[in-house]
Each structure stands twice: as structure tokens, then as C-alpha cells.
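> No letters, just coordinates:
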DNA sequence: CGTGTAAGGAATTCTGACACG
DNA sequence: CGTGTAAGGAATTCTGACACG
């Protein structure tokens, strides 16, 4: 696993790097759009890939999509990718 | 700056990844062998490169070197590199 | 010299809820 | 639905010091 995928950042830093509120970041997790890991104590840890993913999500939210639709879009992408 | 050099990890994770105690990690900083950044609140943040560096330091410490000698070795390396 | 540890405080994060719309 | 916020607690980190050797 490369550095990009390793879950190492706390939510505070992710919030800083993405410009998204911690509230939003936790909410997108609740909606199953991102999947941080946890420390033994329960603190969330994110990867650089999660940061990129969050930026994409943020763009789509700005376009007025619902989290549900974003989830749906990804499902389709995966499907077409598996057909290629 | 690549993911590798970006200072993003807390000391707890670094301790876990390197197997070194937080005490040791803070001490090597005190001896100017590593240079973590800080959050506004004062929490240290390390990069993947710091992790590699710490592992090298740990090896040399196991070989019985003093932190002072490790520092010295690096000074020489930089010098020979600049001559090349 | 290098490192463990107990101490007390401060920064950070967590969850569940209320609010608004 | 998506997001802000105040609340209270828990996990995490910080510093300076004492200890040993």
C-alpha cells in the first residue's frame, strides 16, 4: 500500500486540507461516501486518497447533488469499469 | 511536495508505525535529528519521510552510536553529497 | 546519555441531540 | 436533506521533572 492510501490523518487536518467542516466530513462518512479507519480509542484516520475523494464529493455537492446521488454515480462508474 | 514529505501524522501513530516510544521520538527531536511541524495548538505532525528517518536513527542507536554521532554522520553525508 | 514514568493541564476528537429548512 | 452548534466526556498530546546509570 502506498503512502497515498495509508490512513494516517486526523479529522482536524483533513478539515484544514479540504476546507470542509468536520461536521461535513463525518456526515459523508455516515452516508457511506468515505471510510476512515479508527484508532483503538476511536479517533478517525484518513488517507490522502480520502482527501481527494472528499474534494470530488464537495464538488458534486456544490453542483446540487444529494449524497444519495453521489453514491449512485459511483456505483455506475464501478459497473462500467468492470465491463471494460 | 509529495505525500511522503507532507507532515500529517500524530506522534501516537508514528510510535505505532516505527515501534519507537513517544519518549524516544520526542528526544530525537530535542537532539535535532527530526523536525516535525506543529498544529496551532502545539501538536506535533510527522511525515512518512520522518518515519523512514526515525527507522534509520533507531538502527544507529542500536549500533551504539550517540545522537551526537548520528548528527555528525549526516553532516558528513551532506558534505560529500555537495562535492559530487 | 538515553529513556521510562507519573503529573497535571491543554488540545483534539467523539457521540447524540436540537435547530433550521 | 445537509449542516451548524453547544454539551459533556473520552482519547491524545504536551511539558517539565525525577529517576537511573
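Everything's here; your move. Quantities reported herein were computed from a predicted structural model and do not represent experimental measurements. Residues are numbered from 1 along each chain as shown, chains lettered A, B, ... in the order given.
> Test my guess that residue A:67 contacts residue A:28.
Yes - in this structure, residue A:67 is within contact of residue A:28 by CB atoms under 8 Å, at 6.8 Å. C-beta: built from backbone N, CA, C; applies to glycine.
> who's more crowded, the two?
residue A:28 (21 against 16; other CB atoms under 10 Å in any protein chain shown).
> who are the neighbours in contact with the more buried one?
A:34, A:54, A:57, A:67 (CB atoms under 8 Å, 6 or more residues apart in numbering or on different chains).
> Can you report how many residues lie near the residue in chain A that DNA strand C sits nearest to?
DNA strand C sits closest to residue A:12 of chain A, with a gap of 2.5 Å, by CB to the nearest atom of the strand. Residue A:12 has 14 neighbours, counted by other CB under 10 Å.
> For it, grab phi and psi.
With angles defined as degrees, to the nearest 10, residue A:12 sits at phi -60, psi -40.
> if we can go back for a sec, tell me which of the contacts of residue A:28 is nearest to residue A:42?
Nearest to residue A:42 among these is residue A:34, at 16.6 Å by CB to CB.
> Can you report how many residues lie near the closest one?
So residue A:34, with other CB under 10 Å, has 21 neighbours.
> tell me the SS of it?
coil (DSSP: H, G, I helix; E, B strand; the rest coil).
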